[in-house]
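In: coordinates for the following, if possible.
(2 chains)
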Amino acid sequence: MCHAFFRKSVRIFLWASLTCSVFSNPVAARTWEITFLPNEFVIAKLMNLEPGEPRPVCPAGFRPMRVASQIDLRDNGQLTVGTSSPEHYKSTKTGVERIRDNLNPKLEFDLIGCAFMKHFLPQSGHIDLSGTFGTGEIKPTRFHFQASGGEKDAGFWYRTQLAGSLQSTRLAWNKTIEAPAHLSVEKILGTLWVYVSHEPFAILSGEYANDFVEFDLDGPRIIVVSADWTIARFSSAERRSGKVFLVFRSKAFAAVI
Amino acid sequence: MRWRWILGFEHETCRSSALDCIYSNFEMILASKALLVVVLVALISAWSGVQAQAQNAHLELNARRTSVELEIVAPESAISCKVPMRPAKIDIVNALNPQTHDLSSFVETALRKKPVVVRRGGQTDTEGPESQARFASKSFSKVQAADVELRTVLYFCEYLGFPEFVGLVYTASGEVGNFTVHKRDAVTSDQGETFSLTFERGFKWYRDSNFGKSDTPDTTGRLHLSLELKDIPFQTQEGDGEMLVDLTLSSFVEFPMPESSQ
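Out: Predicted coordinates:
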């Protein structure tokens, strides 16, 4: 009885160690973690849609419009490479250095939404990711965004600058980005935050073809400016000359209210 | 000789002036990064100490997220909006909390000048000008209670819950230590450098939690206001003294938006 039990436990032990060795095999796919922190704001214009383009359904009074831009992440901020694969494998260690030396992901986003005054409601869009990755390439990959329903792996978040100056944005405890000084406060409609999913993706070529890449694009910050000042239904000048503005200009306003 | 103590210098010039001491021992400072950091920190803190004396007292009001109403006001009020926009306002009240603020500047300045009687050679000098000296009028150990409130009313033209900023009126009022304040003024969008006001319509998601799922836009509007108010006069209760205070407000408010804006 005791003897049989011993044989059984030996078998279990052998199976367990075999399973362990299979799963920790260095040939198994690695996961690269790419982190991005922007150094500066990117500026993108709010533009009219091309004629004949599919238009989103917008609330009454809102106009379908587009924001699009291309960002070289290497030039725009700070890229770091890490890995969640076991560090003691030499291939992983040298791999990180090789990627660090030659890494230039490019983001190209195209977002369609509804605009009213300075407000913009992102509706649908995509982020295209491509560029060099160590000795390989990032296969051009499209991440999709839908405001309402459907599968998606990209995100857009818009914040309207109602008034005043754009505040510097704190990204980490020791990192803030400032609004460019040359941009007049009046032209700024708002800021857009672009990001892709944290899920690991198999989008690499070459020696990394079996690997996964996990992006932490926290994320390019985009200042949305008006291409012209006509996106609002009432122009800036119109508002300035209006009754409202004059009433507020006088210090007596405080007493009136 | 503070510098000498920090750096352990034996140099001759150290006895005459701290700055000379630093210059003459510059090479030695370079030799030790740690010491350089100590000196820089000491210099910066000494410099900022000098600066602080010349500057106004500073109060920060950091409000937690609060829920408010976007209140539609009567069209015949001081704000006029073009159809289909409607005049609206948001009322925010932030109170100064003595537990989280350093109110020591309201204690020190509570030392007041009082008239004194001067005796010269045992005689009371009744003919001469009245003399004054600084005495503590009351003994404030610490300001325990502050009853200062900043009320900010934001005025908008609103459409489907989406606001367009028109102006704001603030009122600072109350008592702290030996001081009272009552100041009311307007801020307009052409004074853009002193404040920032942003708006976003909330979605019921945060980052990854929503990927791959359908999310419904929620009907919450979120405003973030940061406002710097310079030179707010705080008067002593006796009315014979004034202290200028810089107030900074950081306020984050939410309001329900109409369903039709989805």
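
In: how close does the most centrally placed residue in chain A get to chain B?
Out: Nearest to the mean C-alpha position of chain A, by Cα atoms, centre = their mean, lies A:Y195 at 1.9 Å. A:Y195 sits 8 Å away from chain B, going by Cβ to the nearest Cβ, to the nearest Å. For glycine as for every other residue, the C-beta is placed from the backbone atoms N, C-alpha and C.

In: surely that residue and A:A154 touch.
Out: Yes - counting by Cβ atoms under 8 Å, A:A154 is a contact partner of A:Y195 at 7.3 Å.

In: before we move on, back to that, next up, the contacts around the residue lying closest to the residue nearest to the centre of chain A once chain neighbours are set aside.
Out: If the residues on either side of it in the chain are set aside, A:Y195 comes closest to A:G219, at 3.7 Å by Cβ to Cβ, 6 or more residues apart in numbering or on different chains. A:G219 makes contacts with A:36, A:38, A:193-196, as judged by Cβ atoms under 8 Å, 6 or more residues apart in numbering or on different chains.

In: A:G219 looks like it's in a strand, true?
Out: No - assignment of A:G219 by DSSP: H, G, I helix; E, B strand; the rest coil gives coil, placing it outside any strand.

In: for beta bridges, what are the partners of the residue nearest to the centre of chain A?
Out: On the basis of DSSP bridges, A:Y195 is bridged to A:G155.

In: confidence-wise, which helix or strand of chain A is lowest on average?
Out: The helix or strand of chain A with the lowest confidence, counting by mean pLDDT, DSSP states H and E, is helix A:243-249 at a mean of 38.

In: dump the residue contacts of A:F109.
Out: Taking Cβ under 8 Å, 6+ apart, we find A:F109 in contact with A:67-69, A:71, A:125-128, A:154, A:156, A:194.

In: what about 7 Å?
Out: Counting by Cβ atoms under 7 Å, 6 or more residues apart in numbering or on different chains, A:F109 touches A:68-69, A:125, A:127, A:194.

In: same question for B:L244.
Out: For B:L244, the contacting residues are B:56, B:231-233, taking Cβ under 7 Å, 6+ apart as the criterion.

In: and the residues you listed, which is closest to A:I99?
Out: Distances from A:I99 to those, taken as Cβ to Cβ, are shortest for B:N56 (51.9 Å).

In: residues in contact with that closest one?
Out: If you count contacts by Cβ under 7 Å, 6+ apart, B:N56 has them with B:231, B:244-246.

In: most neighbours among the residues you listed, please name it.
Out: B:V245 (23 neighbours; other Cβ atoms under 10 Å in any protein chain shown).

In: measure it to B:A95 for me?
Out: 15 Å (Cβ to Cβ, to the nearest Å).

In: now do A:I34
Out: 46 Å.

In: any weak-confidence spans in chain A?
Out: Within chain A, the stretches with pLDDT under 70 are A:1-6, A:10, A:12-28, A:85-91, A:149, A:218, A:228-257.

In: give me the buried subset of the contacts of A:G219.
Out: A:36, A:38, A:194-196 (16 or more other Cβ atoms under 10 Å in any protein chain shown).

In: save the residues you listed as TSV, and put in distance to B:V176 too.
Out: As requested, those are exported to TSV (distance: Cβ to Cβ, whole Å):
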residue	distance to B:V176
A:F36	46
A:P38	41
A:V194	45
A:Y195	44
A:V196	49
